[in-house]
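**Student:** take this sequence and fold it.
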Amino acid sequence: MRILDDFTNCENGVRLDGKVAIVTGATSGTGLETAKNLAKRGAKVIIASRSPAKLSDARKNIIKSSGNGNVVARTMDFESLKSVRNFAQEMYLSEPRLDILINNIGAIALEDRLTSDNLHLMMQVNYFGAFLLTFLLYPLMKSSAPSRIVNVSSMALLLGHIDFEHMNDVGKSTFEYYANAKLAEILFTVEMHNRIEGNGVNIYSMDPGLGKSEFFRNSNVTFWKTVLNTGLLIVGRPLDRVATMPVFLAVDPRFFSNNKVLTKRLWEESKRLVRITPEEDWERF
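**Tutor:** All right, here's what the predicted structure looks like:
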């Protein structure tokens, strides 16, 4: 696995006719633009989010923008591991293949509380949900190889740390949880690469940088929400340009931490916390 450190030219003309792609968090922002880009290339695009109304609007937007009517909207709420499992099960029932999975969901300033799965809301939405979804869909992607997984991360990971005894404690700042989740996402990417290398599924992680979005929309402090979102709209890159980065990793034909003890432990702890069952655990076979 290589790090891509130059996104200045992520354009290519790769077609995706006959391919199936999932983009999570695709109702707005970079996720929406990523889905548009994939649809323009001819892929069947499945967008996933928790709001049926927003999904419906996004689907119409993508079809209108791309001219590709093969866009499917399916609900999935990362706040619920059951919802993630239901989504994965529906994929196996309805799709014979899966070529691209782009884990784009990310949120900051969510409530400081545990979910019904006994995981911290920020950690579950920003890490555990994507871990579980990727783990469950891997056998389908392996059977569709060559296929690719792209995890959209953030430079906030540089401020993160992994404390296995306190990963889901209530009482820390939401930004700390966000940084921890993004670090965990990078480490999970590295560990999964180590475990599946040679099976025809490539996994990448990338930082999209600043985009013109309302990323801080969940903040309950109006002043900072306004200031930070305004700042992004001023200095951020256009979202259609940001979206070329995950798409490039997902489709370009050319194509980090090396602490194996840490990544292996995080992998096993993540499997335990999201309650991977023997039937779901492809590593046993």
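
**Student:** identify the residue spatially nearest to residue 26, adjacent ones excluded.
**Tutor:** residue 47 (3.8 Å; CB to CB, 6 or more residues apart in numbering). (Glycine included, C-beta is placed from N, CA and C.)

**Student:** what about that neighbour, neighbour count?
**Tutor:** Residues lying near residue 47 (other CB atoms under 10 Å) number 28.

**Student:** the one 4 residues further on too?
**Tutor:** Close neighbours of residue 51, defined as other CB under 10 Å, add up to 13.

**Student:** beta partners for the residue nearest to residue 26?
**Tutor:** residue 23, residue 73 (DSSP bridges).

**Student:** now residue 149
**Tutor:** With DSSP bridges as the criterion, residue 149 is bridged to residue 101, residue 203.

**Student:** buried residues in whichever helix or strand residue 139 is part of?
**Tutor:** Element membership of residue 139 [criterion: DSSP states H and E] is helix 129-143. Buried residues in helix 129-143, counted by 16 or more other CB atoms under 10 Å: 129-138, 140-141.

**Student:** alpha carbons only: can I get that helix in CSV?
**Tutor:** What follows is helix 129-143, C-alpha atoms only, in CSV (Å, rounded to 0.1, in the frame of the first residue of the first chain):
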residue,chain,number,x,y,z
GLY,A,129,-19.7,2.2,12.1
ALA,A,130,-17.3,2.3,9.2
PHE,A,131,-15.2,-0.5,10.7
LEU,A,132,-18.3,-2.8,11.0
LEU,A,133,-19.6,-1.9,7.5
THR,A,134,-16.2,-2.6,5.9
PHE,A,135,-15.7,-5.8,7.8
LEU,A,136,-19.2,-7.1,6.8
LEU,A,137,-18.9,-6.2,3.2
TYR,A,138,-15.4,-7.5,2.6
PRO,A,139,-16.4,-11.0,1.5
LEU,A,140,-18.6,-9.4,-1.2
MET,A,141,-15.8,-7.1,-2.3
LYS,A,142,-13.4,-10.0,-2.4
SER,A,143,-15.7,-12.0,-4.7
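
**Student:** and it, what does it pack onto?
**Tutor:** strand 20-24, helix 81-94, strand 100-103, strand 147-152, helix 174-196, strand 201-206 (3 or more CB pairs under 8 Å, 6 or more residues apart in numbering; DSSP states H and E).
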